[in-house]
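have a look at this fold, sequence not included:
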């Protein structure tokens, strides 16, 4: 992916990745950078040069900027001025680390130890989607196409080829869009109305909410017809 730097008439430079500063600042404000470094400590080798937490944060930022593969992490090196600390890794360590960190690893599931969305909502104050003490979570399946052989990519019921994840979004109302809080990765031939998958996605979504929203009737979970099953 080409990264360009535009020069204005007055000689000033325009960075195409300036928006990444907001993401990096959000990570810092929410203490996600510290939490992920601690959570991934079991995956850090004794003499490792690249910290696994920093690697995954760089990968996430590259994806947010439009990257489509691990090699696109190199785009972060193109504009070091907008990212204090710069890029500390390249695609090879990223590839090794993403293969090493998996839920089935005997070292544990790193996804269970990250701070919840509730931490960010607390900092958002009046702009939080839970300001009235209630939230709405929408769950639905999405067919994502794969144009080549990928892990778990299979033929779908729509006669396409790809994956069929179940995703959960917190409704921000008419003033905003949905905020993703959970995603259950599934092969393309996964069912539209599999009860166990809907239950698991709901559980993952609730785990990301404030504790008060997980009790009583403060959270409304909605699904399409795929969730209309007795279980």
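Yep, it's here. All values reported here derive from a predicted model rather than from experimental measurement.

quick one: strands adjacent to the strand or helix carrying residue 139?
When elements are assigned from DSSP states H and E, residue 139 belongs to strand 135-141. If you go by DSSP bridges, strand 135-141 pairs up with strand 166-170 (antiparallel), strand 219-223 (parallel).

now it: average pLDDT?
For strand 135-141, the mean pLDDT works out to 94.

hang on, the earlier thing: can you add mean pLDDT, distance to residue 146 and mean neighbour count and give the strands paired with strand 135-141 back as a markdown table?
C-beta here means a position set from N, CA and C on the backbone, and glycine is covered the same way. Output for the strands paired with strand 135-141, formatted as a markdown table (pLDDT from 0 to 100; distance: least, C-beta to C-beta, whole Å; neighbours: other C-beta atoms under 10 Å):
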| stretch | mean pLDDT | distance to residue 146 | mean neighbour count |
| --- | --- | --- | --- |
| strand 166-170 | 95 | 17 | 22 |
| strand 219-223 | 93 | 25 | 16 |
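
and those as TSV, adding distance to residue 127?
Putting these into TSV (distance: least, C-beta to C-beta, whole Å) gives the following:
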stretch	distance to residue 127
strand 166-170	13
strand 219-223	19
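
mind checking which of those strands is nearest residue 50?
Smallest distance to residue 50 across the strands paired with strand 135-141 (C-beta to C-beta): 30.2 Å, for strand 166-170.

buried residues, the strand holding residue 139. List them.
By neighbour count on 16 or more other C-beta atoms under 10 Å, the buried set for strand 135-141 is 135, 137-141.
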